[in-house]
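**Q** please work out how this folds:
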Amino acid sequence: MDCSLIHDEPVGRDGSFGTLYRDDTGEEIACTLERSYSDGEGGWYAKIPPGRYFCTLGMHPINGLTYEVTGVLGHTAILFHVGNWEKDSAGCILLGKDVAPSTEGKMLLHSREAFTAFMVLQNGTPSFWLRVDQATA
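**A** Numbering: from 1, shown residues only. This is a model prediction of the structure:
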């Protein structure tokens, strides 16, 4: 099942937050969080720029069975996985059920539940396409 990840707000110090949707129905799958990186000029960016990426299912040493986002210029091993805070990602896509404030910055809630639901929804498909976009105002 192909998906779209829409970054709901500008990338900031707490990370790049977005929403993952099913392309076939438009249904929301999960909230997302990716690590943000300083651009050295007061701004922030995420590793995955807007575009279309091929995702493949595979076994990974730390995260187990998951999908890898391929074709991101200059980067490999960008995975979908469990995590709550920006620091839990090295550029990967963390999945959660909701976003909330915390003493460590904004975070995802119920990540393991969201990741499990995503994997069940994908039903073992060997690959899918992911479209990444920035929300329009």
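**Q** can you give me the strands for this structure?
**A** 3-7, 16-22, 28-34, 37-38, 44-45, 51-60, 64-70, 78-81, 93-96, 98-100, 107-109, 127-134 (DSSP state E).
**Q** ok, the longest one: who's next to it in the sheet?
**A** Strand 51-60 has its sheet partners listed here by DSSP bridges as strand 64-70 (antiparallel), strand 127-134 (antiparallel).
**Q** dump those strands into CSV; add mean pLDDT as well.
**A** Output for the strands paired with strand 51-60, formatted as CSV (pLDDT from 0 to 100):
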stretch, mean pLDDT
strand 64-70, 97
strand 127-134, 96
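**Q** verify the contact between residue 107 and residue 84 for me.
**A** Yes: using CB atoms under 8 Å, residue 107 is in contact with residue 84, at 4.8 Å. C-beta: built from backbone N, CA, C; applies to glycine.
**Q** these two: who's more crowded?
**A** Taking neighbours as other CB atoms under 10 Å, residue 107 and residue 84 compare with residue 107 leading, 24 against 19.
**Q** how about a markdown table for the strands of the chain, with distance to residue 121 added?
**A** Below are the strands of the chain laid out as a markdown table (distance: least, CB to CB, whole Å):
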| stretch | distance to residue 121 |
| --- | --- |
| strand 3-7 | 9 |
| strand 16-22 | 8 |
| strand 28-34 | 7 |
| strand 37-38 | 29 |
| strand 44-45 | 29 |
| strand 51-60 | 13 |
| strand 64-70 | 11 |
| strand 78-81 | 12 |
| strand 93-96 | 11 |
| strand 98-100 | 18 |
| strand 107-109 | 17 |
| strand 127-134 | 10 |
